[in-house]
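1. What follows is a predicted protein model with its sequence.
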Amino acid sequence: MNRTPMLRRMRAVLSLLALTVAPGWPGVANAQDAGRLALETLDLSKVTQGYGDAHARRSVNDNPLTIKGTVYLTGLGTHADSSFLIDLKGAATAFESWVGVDDETGGKGSVVFEIYVDGKKVADSGLMHGGDAPKRLTAPLTGAKRLTLKVTDGGDGVSYDHADWAGAFLTLADGVAAKPEAATVPVVPPRMTVPPLDPKPAIHGPRITGATPGRPFLFLIPATGTPPLTFAAKNLPAGITLDKTTGILSGALLKNGSTDAQIMVRNAQGRASRKLTIVGGVRQLSLTPPMGWNSWNCWAGAVDDAKTRQSTDAMLASGLAAHGFQYINIDDTWEAQRDAKGEILTNAKFPDMKALSDYVHGKGLKIGIYSSPGPKTCGGYEASYQHEEQDALTYAKWGMDYLKYDWCSYSDIAKNPDLDAMKQPYRVMRAALDKTSRDIVFSLCQYGMGDVWQWGPEVGGNCWRTTGDINDSWGSLYGIYSAQDGHEKLAGPGHWNDPDMLIVGRVGWGNPHPSRLTPNEQILHISMWCLLASPLLIGCDMAQLDPFTIALLSNDEALDINQDTLGQPAGRRAKSGEGEVWARPLADGTTAVGLLNNGVEEEDVTANWSDLGLRGRQPVRDLWLHKDVGAFADKYTVRVPAHGAILLKIGKGKAL
Ligand code: GAL
């Protein structure tokens, strides 16, 4: 053991901080040992995790790695859901590590550490909470090819899940020159086919929409086909008219009730028509999950009027509006101070909000805005506390159609809130919105606190975030989607679970880069958000959409699952190893099924009819291959790429 003066100094400093040093600490010297490789000396940029970055010898928040008072001088700090894949190159015989939640969470957080060798789980820590004593995990590796170190969220979301692999070492095989290396999931061609653009007309998007009688109604009929397209409609409810060249339905409903209109589109190649149900009634909004764009995941604080207009134009030019994407939502950072009368003002990035909303509406699209119930937004801008009615009236005056209302600094108002205190700010804004003369979709954002999926409808939310913020990493995507099971009970038409905005295309919170998800991870992402009946809010640079992203976002067969009128989100029906089966019933009597593979190797996943409530021979359609794959009795098994998904429709449906 080589105890250098520097190490002695570090030890002295640590003891001054009243921290004890772990049994594994001399590993710093061992990191250089021929026989052992310290985990943190591998390329940590390949760790994918739900929040922040993995740090060598430091916690995720950059403090000394500390578990229940024990400080470790080697190891890495990560955050659930975390996945670290190591290509062993046949060069390791064993792995060992202490594991636990880092003390920096102050006792909060709960995680499970898992070790997989060549796709099989060989060790796990069981559920560990903040403040628990470290546990020791080991795995024999002789002859093994791949090691995957995972940290999952313990089933309660990823808040405070700061997880340490401490004093973690690979024992190296004698006489093997190769060294283990950090790896990423193999990037294989996406399992999808992209049909050529169909010149014939077709209608897509929601089959039902609603509004409060007397309030502005706007609906762009999503339709594809070689232009020029011309539109027609029969049996429109009183008060609504159609612009035959743009396909924009507008006006104001005169009365409550549901009308089945027939909408039609034609071009030189032919015609298409389908039923659009238009529902008049109070709060008949978001009868299918909202589809559109939000500025945050791409631009964060760099959003402005020009980028919002550019996104509006691109929504139409890219063809995505023709598949049902309608909302253009401005997230945080548009706000300035209030004037002498308390009216909220826009900052220089948004010189004229009414003119901007007129621009968006002029194209047949809708516009959204963002605020918080506390004094400040998450970005530190002026928010709505004690100005709720005034702000709701301002949004209505500007022509806003959607409000994302983000808890943020409301924690300063309601410290340690009970359930009632959590609901309160949302009730207040709901009442304020109801007093305006505009329909405004109400999107609750409070990261799932108090199991919001159990009371979101009660406070009048049209959707509610179920988790913390998403980022474009497998760790984040996996952590979020796998936590959605069981939340489906109260979601349905008019009120939806929201597992956060999309992370395909160029995203980057002010520094856009191509999504770091592999193509198959992106297919899994879109498949799951469709199965979950989640709002589909694109989070990328709309002006730089690449063909793959457009193909992902314009798969009408997948979008039809998301927009299904029954509105019943999927739940997890089976789990076996790294494979998962999620399913939801559809309005036409068929079942939508996702077969997912969370593992780092491709593997077979089976949809068993017994898990899906199906019987007998059933036709199966693969929605990314756009192909009927046959009729099967009892089950359907298919090879699913690593971190990939197959989206199926099973059963013979009736015409809608
Ligand atoms: C977060 C929210 C993000 C984004 C951000 C703006 O709380 O979850 O989606 O809105 O605030 O500051």
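-> Sure thing, it's come through. Predicted, not measured: the structure shown is a model, and the values here were computed from it.
2. got any ranges where the protein has weak pLDDT?
-> 1-34 (pLDDT under 70).
3. Could I get the full set of helices for it?
-> 5-16, 27-30, 296-299, 305-317, 353-362, 388-398, 410-413, 419-434, 474-482, 519-531, 547-553, 556-562, 609-612 (DSSP state H).
4. In JSON lines: those, plus distance to the ligand and mean neighbour count.
-> Where you see a C-beta, it was placed from the backbone N, CA and C, and this is true even at glycine. Shown next, in JSON lines, are the helices of the chain (distance: least, CB to the nearest ligand atom, whole Å; neighbours: other CB atoms under 10 Å):
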{"stretch": "helix 5-16", "distance to the ligand": "35", "mean neighbour count": "12"}
{"stretch": "helix 27-30", "distance to the ligand": "38", "mean neighbour count": "20"}
{"stretch": "helix 296-299", "distance to the ligand": "5", "mean neighbour count": "27"}
{"stretch": "helix 305-317", "distance to the ligand": "15", "mean neighbour count": "19"}
{"stretch": "helix 353-362", "distance to the ligand": "18", "mean neighbour count": "18"}
{"stretch": "helix 388-398", "distance to the ligand": "16", "mean neighbour count": "20"}
{"stretch": "helix 410-413", "distance to the ligand": "11", "mean neighbour count": "16"}
{"stretch": "helix 419-434", "distance to the ligand": "14", "mean neighbour count": "18"}
{"stretch": "helix 474-482", "distance to the ligand": "12", "mean neighbour count": "26"}
{"stretch": "helix 519-531", "distance to the ligand": "15", "mean neighbour count": "25"}
{"stretch": "helix 547-553", "distance to the ligand": "19", "mean neighbour count": "19"}
{"stretch": "helix 556-562", "distance to the ligand": "20", "mean neighbour count": "23"}
{"stretch": "helix 609-612", "distance to the ligand": "34", "mean neighbour count": "16"}
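5. mind checking which of those helices is nearest Ala261?
-> Proximity to Ala261 (CB to CB) singles out helix 556-562 among the helices of the chain, at 18.9 Å.
6. What residues does the residue nearest in space to the middle of the chain make contact with?
-> Central residue of the chain (CA atoms, centre = their mean): Asp500, 4.0 Å from the mean position. Taking CB atoms under 8 Å, 6 or more residues apart in numbering as the contact definition, Asp500 lies against Arg465, Thr467, Asp469, Ile470, Ile480.
7. closest to Gly399 among the residues you listed?
-> Checking the contacts of Asp500 one by one against Gly399 (CB to CB), the nearest turns out to be Arg465, at 24.6 Å.
8. Specify the beta-bridge partners of that closest one.
-> Under the criterion DSSP bridges, Arg465 forms beta bridges with Asp498.
9. who's in contact with it?
-> Ser443, Leu444, Cys445, Gln446, Tyr447, Gly448, Val452, Asp498, Pro499, Asp500.
10. Just put those in JSON lines and tack on distance to the ligand.
-> Converted to JSON lines, those look like this (distance: CB to the nearest ligand atom, whole Å):
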{"residue": "Ser443", "distance to the ligand": "10"}
{"residue": "Leu444", "distance to the ligand": "11"}
{"residue": "Cys445", "distance to the ligand": "5"}
{"residue": "Gln446", "distance to the ligand": "9"}
{"residue": "Tyr447", "distance to the ligand": "6"}
{"residue": "Gly448", "distance to the ligand": "11"}
{"residue": "Val452", "distance to the ligand": "13"}
{"residue": "Asp498", "distance to the ligand": "10"}
{"residue": "Pro499", "distance to the ligand": "12"}
{"residue": "Asp500", "distance to the ligand": "7"}
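11. Tell me which residue in the stretch 351-500 of the chain sits closest to the ligand.
-> Cys378 (3.3 Å; CB to the nearest ligand atom).
12. For that residue, grab the count of nearby residues.
-> 19 (other CB atoms under 10 Å).
13. wouldn't Asn256 be in contact with Gly280 here?
-> Yes. Counting by CB atoms under 8 Å, Asn256 touches Gly280, with 4.8 Å between them.
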